[in-house]
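>>> how would this look folded up:
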Amino acid sequence: MKGSGAVSWQTRPMAPRIGLTTWRRELATSVHPRNDLFTLSATYVTAVERAGGIPLLLPFADDTTAGDLVEALDGLVVTGGRDVDPANYGHENTRSFAPDAAADASDLAIVRAALAARLPTLYICRGVQILNVALGGTLHQHMIGDSDAHPRLPRTDDAEADATARWAFRHRVTATAGSELATVFDDTSIDTNSAHHQALDAIAPGLTVTGRTADGHVEAVEMEGQPLIAVQWHPERQLDDGHDVLFEWVVARAGGPT
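Reported below is the predicted structural model:
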């Protein structure tokens, strides 16, 4: 109503729009036993909302549409998911599990568009691997069981208990002093979960390693001139342990509250 002092939606400041890459898979629903769906864990949505952003789930893209998607966003989170197909970096598949060529193509296109636009981006788990591959790096195809920092966790007949144990496991990541990662956490020692099967191997040109575990595996990278932080763990599952700061960082860099 005019004169009421109310702010209409047309003039109300909008919170930053944060894109979230999704998984495409067939799931049973009430309308079809194999419904083709774009899906994502609600933990990512919650993390962005808690940080003050508007989460937007993204469909798959290609080189002709990724730029338009990125242009509609203020920030981006490249989420976790399946193993990256080694064919994307010129290797044979020796230990990679169930890669998805369509997901790889979409994520690579979105990442390249985000880099071209210098879009503030948080890369998570598969996300850091896709970033490395997009820029010319390679991956370890199977690093579980390499060391105490990346042990082979028990598998039993109780899938729920196994999942609980997997997400409860912690190892320590040492962040480079002065890096964006260390600044965001205000610490160079970060306890993180570990639920990844692959890891960064040859680091792509332009990326700087800013976090490692005691066994030497890369857990975080950054890139000079790009507003990005890329981590190998899942901060969306440690929000109450202080890892919400990573989502606050991307929302702030996207134009949100500081």
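>>> in which helix or strand would I find residue 56?
strand 54-57 (DSSP states H and E).
>>> Around residue 168, count how many other residues there are.
9 (other C-beta atoms under 10 Å). (C-beta placed from N, C-alpha, C; glycine too.)
>>> And residue 67, by the same measure?
17.
>>> what's the answer for residue 17, then?
Neighbours of residue 17 (other C-beta under 10 Å): 17.
>>> hang on, the earlier thing: okay, buried residues for the strand holding residue 56 please.
Across strand 54-57, burial judged by 16 or more other C-beta atoms under 10 Å covers 54-56.
>>> Would you mind giving these as CSV with distance to residue 90 and pLDDT added?
Listed next are those as CSV, based on distance: C-beta to C-beta, whole Å; pLDDT from 0 to 100:
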residue, distance to residue 90, pLDDT
54, 38, 97
55, 35, 98
56, 33, 98
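>>> Closest one to residue 76 out of those, please.
residue 56 (9.5 Å; C-beta to C-beta).
>>> ok, residue 39 - contacts?
Shown in contact with residue 39 (C-beta atoms under 8 Å, 6 or more residues apart in numbering): 22-25, 27.
>>> which stretches of the protein have low pLDDT?
1-12, 144-156, 158, 162-163, 165, 167, 256-258 (pLDDT under 70).
>>> Which strand residues bridge the residue positioned nearest the centre of it?
Among the residues of the chain, the one closest to the centroid is residue 124, at 2.2 Å (C-alpha atoms, centre = their mean). Beta bridges link residue 124 to residue 231, judged by DSSP bridges.
>>> just residue 218 next, same as before
Beta-bridge partners, per DSSP bridges, of residue 218: residue 212.
>>> From residue 124, how far out is it?
Distance of residue 218 to residue 124, computed by C-beta to C-beta, to the nearest Å: 14 Å.
>>> Contacts for the strand holding residue 56 next, please.
Residues contacting strand 54-57 (C-beta under 8 Å, 6+ apart): 14-20, 22, 38, 40, 44-45, 48-49, 72-73.
>>> among those, which ones are buried?
By neighbour count, with 16+ other C-beta under 10 Å, the contacts of strand 54-57 hold 15-20, 22, 40, 44-45, 48-49, 73 as buried.
>>> Would you check which pair of those lies furthest apart?
15 and 22 (20.3 Å).
>>> okay, now residue 122: neighbour count?
29.
>>> What's the local residue count around the closest residue to residue 139 other than its chain neighbours?
In space, and not counting its chain neighbours, residue 139 is closest to residue 198: 4.9 Å by C-beta to C-beta, 6 or more residues apart in numbering. Residues near residue 198, counting by other C-beta under 10 Å, number 23.
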